[in-house]
Each structure stands twice: as C-alpha cells, then as structure tokens.
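>>> Sequence plus predicted model, see below.
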Amino acid sequence: MKKKIIVLGACMLLVAGCGKTIPKLKDGSEAVVTFKKGNISANELYNEVKDTYGLSTLITMIDKQILEKEYKDDLEDAKSSAKNQIEQIKSQYGDNALSAVQQFTGFSTMEAYEDYLYIAYLQNLAVEDYAKDQIKDSDIEKYYNESIYGDIKVSHILITPEVKDDMSEDEKTKAEEKAKKEAEKLIKKLDEAEDASKEFKTLAKKNSDDAATSENGGDLGYINTDTLSSDYEGFADEAYKLNDGEYTKEPVKTSLGYHIILRVKSKEKAKLEDVKDKIIDTLSNELISNDATTSINALQDIRKKYGMEIKDSELSKQYSNYIQNSLSKAIEQNSSSTEQ
C-alpha cells in the first residue's frame, strides 16, 4: 500500500503538470501524453490508476484534509515527531538510511516516509480521542474501586543471587537456591524478634544487596502500583497484600533477586476526580491494545463527522470492501489474542 501511494503521487504530478498549462483535447478533456497520432487523457490515466493505486492514496488524502482541520493545534508537534524519527534513522544508518527505509517500509523516498509518519501521528490522535469517548462512567468507577490504591511506604531487604554468565544452568540454580535460603533465614529472624520493624532495619543494613537503600534500613519510600521499574515486577502486588507493620513471610522473587518486604504505613487513595483523567488514559490505551477494531472505527467515525462521501462509485465500493475486510481481520485478531 505504501509503495502505491508514492506511485500515484507521481502520476498526479504528471496530471497537474507541475503548474504548467495542460493542453486540452478535442473533447475538452486534459491531455497527459500526446503523440503524433493519438494521446492519453487525464481521464484515461485516472481510470487506469484508481483500480490499482487509487484507494490507498485517496484514504491518505482524505485523512490528511480532515485531521489537519481537527488537530490544527497539533500540526507542529506532528511535523516535529516525523522529522525526529527521520533524523534517528539517518543517525542510525548513516549513508544507508534511504536503503533501510526502502527495505523496511516500502517507501521510495525519505520525504514520502516522513509524510506517512506525519499523517500517522494525527491518526493516532484521532484514535486516542475516539477510545476515550468509549469509556463510560461505570468503567471509570469500577477501575477506581478495584485498581486505584493509596500510596504505601515500604522497606525491603534484597538478596541477589551470585549468578555469572559463564555459569552452567546447574550452578545458576544452586546460586538462586542459596539466595532464597538466605532470605528465608532473615525472615525467621524477623519472626523471632520482639520488635520486627526495628529488627528489619538492622538486618537491611547488614544484609541487603540494595546499596541505595540498605543504609536507610531498606527504606524505598512511598510507592504505588506503577511507581517502581519493571525490575520490580510483582513487588507492589505483594506489598499491597500486607497490612501496615507486616512483612512478607516468603521471599518475593523479581529479576533483581529475593526481597523481604515490610509495609510501613499507608496513605488514603486519591479522590476520583483527581485521578479520573489518568484512569481514562489507562482504560482507553487498554481498549486500543486489546480491541483491534478500535483504530478502524475511530477513523471511520471522524470521516463521517466531516461528512465524507466518495462520489466515484467504483472507489466507494472499494472503500466499503476495504473497511469490511479490515474489520474482519481485526475481529479475527481479537479472537486469536483471546485464545492465547
């Protein structure tokens, strides 16, 4: 599809004549090519091209005209984003940048690919706005009640397995087991302590492999479900299962090693009105990711909003088939994702 856009663009330049006066044929139509005997008219070119390249180019032209009006305040950001991506490609591939674009995207020129990125930026804005409009108040309230938590202050003791790249799998397994057992021994000491919170600080200073927090008794400060990096995946889930003053009775495994987590104290969660926009962003992003029909329906919706009507019957039929096929593929994609 991308290659077709460029070819048709070149054809349209021929029709336009780059600003020159286009000769007229006897029937009043415009000439694209003339011979000593015979000619090729603009209408003939149009009818030939539209069956192969017309729809993809037409959709791009439609979206560009609509979206530049709908998001006129975002045009500079769209241009800047496209330009930055082109510069990144040039920086990465140097003299081979154009070849890389041609190979991986199908576009024949940098300018064509940059224009594609520009339109794609605006299309994404339309999809995001459409997705946000699909989120109901009941969805927001449900997410707030089930997934929004107040910040909690936590401390941890981290035991990192002494694993090296050149170790065998058996050696790595033994190193993991050793670290876990060490963490279990520390938990046992906490169980035996008269003041577990005080003992936790002492053990963190002596034993934690997290150099950034060990001197402070393992204090990680206040966290929430999305505060910590991906290295701590699963950490917050276990921390929120605890009550204030409680610690995990089993080591919590992350990519960093084995953690003993102490939940120190909690804050009340934010009011709904204060996190509503954040919830809408989260739910709309989930909708876009989980329902492949969203992007198709979003662009359909904004085209209808601007009263788009394709007058050419053949292109109109192609467009209708294109939308139906795209939706069918999206539904299949949704089904495959659900099954997995």
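Structure's in. What do you need?

>>> which stretches of the protein form strands?
Using DSSP state E, the strands assigned to the chain run over residues 31-34, 39-41, 152-159, 219-223, 252-254, 257-266.

>>> List the contacts of the fifth one.
If you take C-beta atoms under 8 Å, 6 or more residues apart in numbering as the criterion, strand 252-254 is touched by 180, 231-235, 238, 258-261. Where C-beta positions appear, they are placed from N, C-alpha and C, glycine not excepted.

>>> rewinding a little: reformat the strands of the chain as TSV; add distance to Tyr113.
Putting the strands of the chain into TSV (distance: least, C-beta to C-beta, whole Å) gives the following:
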stretch	distance to Tyr113
strand 31-34	27
strand 39-41	30
strand 152-159	46
strand 219-223	42
strand 252-254	40
strand 257-266	44
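
>>> Spit out the contact partners of Asp298.
Careful, residue 298 is Ala; it's not Asp. For Ala298, the contacting residues are 126-127, 129-131, by C-beta under 8 Å, 6+ apart.

>>> one more time with 6 Å, if that's ok
Ala298 makes contact with 126-127, 130, according to C-beta atoms under 6 Å, 6 or more residues apart in numbering.

>>> what does Lys188 give?
With contact set as C-beta under 6 Å, 6+ apart, Lys188 has no partners.

>>> can you give me the helices for the protein?
Assignment of helices within the chain using DSSP state H yields the ranges 2-16, 42-49, 55-70, 75-93, 97-105, 110-134, 137-147, 169-192, 196-207, 235-240, 272-290, 293-305, 313-339.

>>> and Val154, which of those is closest to it?
Closest approach to Val154 among the helices of the chain (C-beta to C-beta): helix 235-240, 5.1 Å.

>>> Contacts for the closest one, please.
With C-beta under 6 Å, 6+ apart as the criterion, helix 235-240 contacts 149, 154, 225, 228, 248, 252, 254, 261, 263.

>>> In PyMOL, how would I select just the buried ones from these?
Buried residues among the contacts of helix 235-240 (16 or more other C-beta atoms under 10 Å), as a PyMOL selection:
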select buried, resi 149+154+228+248+252+254+261+263
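
>>> Once you drop chain neighbours, what's closest to Ile310?
Among residues not flanking Ile310 along the chain, Ser316 sits closest, at 4.1 Å (C-beta to C-beta, 6 or more residues apart in numbering).

>>> and the one you found, how many residues sit next to it?
Close neighbours of Ser316, defined as other C-beta atoms under 10 Å, add up to 13.

>>> Quick check: the gap between it and Ile119.
22 Å (C-beta to C-beta, to the nearest Å).

>>> doesn't Gly221 make contact with Phe155?
Rather than Phe, residue 155 is Ser. No. Ser155 lies out of contact with Gly221 (C-beta atoms under 6 Å); the separation is 9.1 Å.

>>> confidence score at the residue nearest to Ile310?
Listed pLDDT for Ser316 reads 91.

>>> Thanks a lot, catch you later.
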